[in-house]
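J.: 3D, please:
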Amino acid sequence: MGRRGYLIAAAVAVVVIGLVVWWAIARDDSGGSSNATTTTTTSVGTTTTAPSGSTTSTAPRLGACATSALTISIGAPEGTAGHFEYQIAFRNTSGATCGLTGFPGVSFVDGSGNQVGVPAARSPLSFSTVTLVAGSTADAHLQVTDPSVLDCAPAAPAAVRVYPPDQTAFADVPVTGLSICPSNPGTIDPVKAAS
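T.: This is a model prediction of the structure:
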């Protein structure tokens, strides 16, 4: 390789390093807090894979809230044109402060725990770490597409399977009256401080 080839290789290396640094800075997050409360009974399990949000930071990172430290509940649906909106609440029931950063994994399961259709897709919204002191709550907005709008064969899951951000353990939250389009159930927003 001639001198020109070495110069091109060096230029590409500089661009790649610049992109890695930019990516790391762009993913750095700030904190927030919340104090609203909701509760429900959930069953907790584990799995080896789950969608999750993550961040890179130069400051010490607040410990992620373990699934076992949270009570996860789903509020009543609010209907709007073409979809139903649900709030998934994450209440810190441990005695320690922890954080939630990014998107929960959300899928739908039948009464036997088998997944129904595909998981909810992530929305394009940005996120930051939500700090949860003991007893406080954070929310994630779930938008479920009305199956009649998509002209698909609807399915009625028995529960919503929720993986808190950065966790492989899940909670199955029982639901009634929920109808989804298995091929396009809807979207999930990142966790935010409860309002």
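
J.: can we go C-alpha only for contacts and neighbour counts from here?
T.: Noted.

J.: surely Ser148 is within a helix?
T.: Yes - counting by DSSP: H, G, I helix; E, B strand; the rest coil, one finds Ser148 located in a helix.

J.: what's the neighbour count on it?
T.: Applying other CA atoms under 10 Å, we find 14 residues neighbouring Ser148.

J.: in space, what's closest to Pro77 - neighbours in sequence excluded?
T.: Once flanking residues are discounted, Pro77 sits nearest to Tyr86: 5.0 Å by CA to CA, 6 or more residues apart in numbering.

J.: er, Pro164 I mean
T.: Pro104 (4.7 Å).

J.: got it, and Gly75?
T.: Spatially, and ignoring its direct neighbours in sequence, Gly75 is nearest to Gln87 (5.4 Å; CA to CA, 6+ apart).

J.: cool, Arg161 as well?
T.: Nearest to Arg161 is Asp172, by CA to CA, 6+ apart, at 4.4 Å.

J.: my read: the one you found touches Val162, true?
T.: Yes - judged on CA atoms under 8 Å, Asp172 makes contact with Val162 at a distance of 6.3 Å.

J.: can you give me the distance of the residue nearest to Pro164 to Pro154?
T.: Distance, Pro104 to Pro154, using CA to CA, to the nearest Å: 24 Å.

J.: okay, these two: which has more neighbours?
T.: For Pro104 versus Pro154, neighbours defined as other CA under 10 Å are more numerous around Pro104 (27 against 17).

J.: mind pulling up the pLDDT for the more buried one?
T.: Looking at Pro104, its pLDDT is 97.

J.: and it, how far is that from Ser112?
T.: Where Ser112 is concerned, Pro104 sits at a distance of 22 Å (CA to CA).

J.: low-confidence ranges, the protein, go.
T.: For the chain, applying pLDDT under 70 flags the ranges 1-61.

J.: apply 50 and report the result again.
T.: Low-confidence segments of the chain (pLDDT under 50): 5-7, 9-59.

J.: and stretch 62-82, end to end?
T.: End-to-end distance (CA to CA), stretch 62-82: 38 Å.
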